[in-house]
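Asker: everything below, folded, please.
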Amino acid sequence: MPQQAALSKCPSCEEPLESGDRFCGACGYDLSVVPARPQDEPTIALNGSVPPQASAEPPRTPSAPPAAPAWPAPGPDGSVDGPPTHQPTDVPGTNSDGSPLSGGTGGPAVPAAPAAPPAAVPSQAGPVPPPSPPPAAPPAASSGVRFDHHAQPDAAPAPAPRGRPDGGHEPAQAEEYPLQAPDPRVTAAPERQASAGGTVCVACRAGRVDDDGYCENCGHAQPRERDHMEQECGPLAAVSDRGLRHHRNEDAFGIGTTTLPDGSPVSVAIVCDGVSSATRPDEASLAASRAAADSLLAALPRGTHPQQAMHDAIIAASDAVNALAEEPAPAAREHAPHQNAPACTIVGTVVTAGLLVVGWVGDSRAYWIPVDRSAPAARLTEDDSWAAQMVAAGLMGEAEAYADHRAHAITGWLGADAYELEPHTASFKPDRPGVVVVCTDGLWNYAESADDMAGAVPADAAVRPLHGARVLVGHALDGGGHDNVTVALVPFPAVPQGAGSA
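Answerer: Down below sits the predicted model:
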């Protein structure tokens, strides 16, 4: 079995790898297909191409530098048996069939004129080559050299032939690898793939995407619908991103607006984070966020108090997640006896003209960020986690507890195997305008305290919520993006937008 190459980063997306990794955690690249690097690594020229390497074949004897030709002496009648003589006004060169421009060999000689310098002298212009088709467009600048396969004729344009001193061309060397991504101006592979009904890889733009979502040419994982999601609904917005380390997005959100019975506006936002150690966490978060948002948008117009509506919405979300864990068939239990139930966390907010309500289970959070940054920001939720329990019991300080490797072990979640469902709700009456930040730990890991979160939220987030949510997701990705990132921004007080939901 060939030895797998030890790589420090993924050949496809250049993400760092750990020892023993068989697949890239970012893009899913199969690391077992990467051959061991050659001992004599090729030198990469400035234009991204690789100079030809020595091969196992006997070396080609280099041709001697061109010298002035030895012209034969003319016969008694002035003719010669060698190549015909050219007039000084003739353009040196050959016809398209390779014959000299001056006529057939052996014809009567043209009276000799003062000898012009030999065409082979380097300081003079060489023979004009025969007409050739227009050159192909120059290849795009390369970002690296692929070591996993040789050049494919349909995947990338062939390198331009190199000239020899005798006017010929060097054949392409087998050691020359194609650019990492073929130039779309000179390759027709994507068009052929599209016409054949296949999906073209977004990374190499040449390979076909298989049913598993990976490119058959470069192995790059293709973006999924939930890898990056954005939604704006009136005065509020939410953004969710897969992050830089996870192979899928296990977060989900639901936002919307409606009106209370008195006609005043109300905004609703729900954010859920799937528990990665559970089965189908992405399905759990999606089911919970939809059930909770639908429950709130249905209950609030009927006159249900916002805090009670939030409690009922969390119960509805829990029922939706529990439904995913229905008893499987005996055959399924036999093949997967140790699978646990789908699970997720949840946090949400209801914002009216004068009331702010939050509800949560797990370690997803809500923050209050006033528009006037001279006023203090606040965290509105308490985590259901090991670290929070240690701090509440007075056994550890907050900094020490959250630095422990057990800090993010949650003690409350939605799922059929939850110990006991205890929805937490709280209501506030802020005395000034602001914005509520509803997020998963993929964001607050990089802005944990209320002051840190206030520093990351743009000053105009209350009037540009979508832009603010994008900025916060970018803050998490710039910090490392080790988890899925989801955030919703809800301005307070609620802005009149009319009834409706998203």
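
Asker: so which residues of the stretch 351-500 of the chain form strands?
Answerer: Assigned by DSSP state E, counting those that start in this stretch, the stretch 351-500 of the chain shows strands spanning 356-361, 365-370, 378-379, 414-415, 424-428, 434-439, 485-492, 500-501.

Asker: and residue 237, which of those is closest to it?
Answerer: strand 485-492 (5.9 Å; CB to CB). Bear in mind the C-beta positions are built from the backbone N, C-alpha and C, glycine included.

Asker: what packs against the closest one?
Answerer: Secondary-structure packing of strand 485-492 (3 or more CB pairs under 8 Å, 6 or more residues apart in numbering; DSSP states H and E): strand 236-241, strand 251-259, strand 265-274, strand 343-351, strand 434-439, helix 441-444, helix 465-478.

Asker: make sure residue 318 is indeed in a helix.
Answerer: Yes - assignment of residue 318 by DSSP: H, G, I helix; E, B strand; the rest coil places it within a helix.

Asker: touching, it and residue 414? I think so.
Answerer: Yes - Residue 318 lies in contact with residue 414 (CB atoms under 8 Å); the separation is 4.6 Å.

Asker: so for these two, which residues contact both of them?
Answerer: 288, 361, 421 (CB atoms under 8 Å, 6 or more residues apart in numbering).

Asker: out of these, the closest to residue 29 would be?
Answerer: residue 288 (31.8 Å).

Asker: now, of the shared contacts of residue 318 and residue 414, which are buried?
Answerer: Buried by 16 or more other CB atoms under 10 Å: 288, 361, 421, out of the shared contacts of residue 318 and residue 414.

Asker: can you tell me the closest non-neighbouring residue to the first one?
Answerer: Nearest-residue entry for residue 288: residue 317, 3.9 Å, with adjacent residues in sequence omitted and distances by CB to CB, 6 or more residues apart in numbering.

Asker: contact partners for that neighbour?
Answerer: Residue 317 sits next to 270, 272, 287, 288, 289, 291, 292, 295, 346, 414 when contact means CB under 8 Å, 6+ apart.

Asker: low-confidence ranges, this protein, go.
Answerer: Counting by pLDDT under 70, the ranges of the chain that qualify are 1-6, 34-198, 327-338, 497-502.

Asker: do a quick rundown of the helices in it.
Answerer: Ranges of helices within the chain are 189-195, 281-299, 306-323, 330-335, 386-392, 398-403, 441-444, 450-456, 465-478, based on DSSP state H.

Asker: taking strand 236-241 as reference, get the angle to the second one.
Answerer: If I follow you right, that is helix 281-299. 170 degrees (axes from the mean of the first three to the mean of the last three CA atoms, to 10 degrees).

Asker: now do helix 281-299 against strand 343-351, angle only.
Answerer: 30 degrees.

Asker: by contact count, what packs against helix 281-299?
Answerer: Helix 281-299 is packed against strand 251-259, strand 265-274, helix 306-323, strand 343-351, strand 414-415, with contacts defined by 3+ CB pairs under 8 Å, 6+ apart.

Asker: how about residue 467: what's its closest non-neighbour residue?
Answerer: Residue nearest to residue 467 in three dimensions, not counting chain neighbours: residue 458, with 6.7 Å by CB to CB, 6+ apart.

Asker: of the contacts of residue 317, which is the most crowded?
Answerer: residue 288 (35 neighbours; other CB atoms under 10 Å).

Asker: isn't it up against residue 275?
Answerer: No - look at residue 288 against residue 275 with CB under 8 Å: they stay out of range, at 11.1 Å.

Asker: which neighbours do these two have in common?
Answerer: Shared contacts of residue 288 and residue 275, defined by CB under 8 Å, 6+ apart, comprise residue 344.

Asker: turn the buried ones among the shared contacts of residue 318 and residue 414 into TSV, including distance to residue 402.
Answerer: Below are these laid out as TSV (distance: CB to CB, whole Å):
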residue	distance to residue 402
288	25
361	19
421	25
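
Asker: which of the strands of the stretch 351-500 of the chain sits closest to residue 400?
Answerer: strand 378-379 (18.2 Å).

Asker: show me what the closest one is packed up against.
Answerer: By 3+ CB pairs under 8 Å, 6+ apart, strand 378-379 packs against strand 365-370, helix 450-456.

Asker: go through those and pick out the most buried.
Answerer: Of the helices and strands packed on strand 378-379, the one with the most neighbours on average (mean count of other CB atoms under 10 Å) is strand 365-370, at a mean of 24.

Asker: can I get the helices and strands packed on strand 485-492 in JSON lines including distance to residue 495?
Answerer: Shown next, in JSON lines, are those (distance: least, CB to CB, whole Å):
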{"stretch": "strand 236-241", "distance to residue 495": "9"}
{"stretch": "strand 251-259", "distance to residue 495": "9"}
{"stretch": "strand 265-274", "distance to residue 495": "6"}
{"stretch": "strand 343-351", "distance to residue 495": "9"}
{"stretch": "strand 434-439", "distance to residue 495": "12"}
{"stretch": "helix 441-444", "distance to residue 495": "24"}
{"stretch": "helix 465-478", "distance to residue 495": "10"}
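
Asker: which of these sits closest to residue 376?
Answerer: Closest approach to residue 376 among the helices and strands packed on strand 485-492 is made by strand 434-439 (10.8 Å; CB to CB).

Asker: buried residues of stretch 391-401, list them for me.
Answerer: Across stretch 391-401, burial judged by 16+ other CB under 10 Å covers 391, 396, 401.

Asker: again but with stretch 369-377, I slipped
Answerer: Buried residues in stretch 369-377, counting neighbours by 16+ other CB under 10 Å, are found at 369, 370, 371, 377.

Asker: same thing with stretch 9-28?
Answerer: Of all the residues in stretch 9-28, those buried under the rule 16+ other CB under 10 Å are 10, 11, 12, 13, 17, 23, 24, 25, 26, 27, 28.

Asker: same deal with stretch 464-484?
Answerer: Within stretch 464-484, the residues that count as buried by 16+ other CB under 10 Å are 464-473, 475-477, 479, 481, 483-484.
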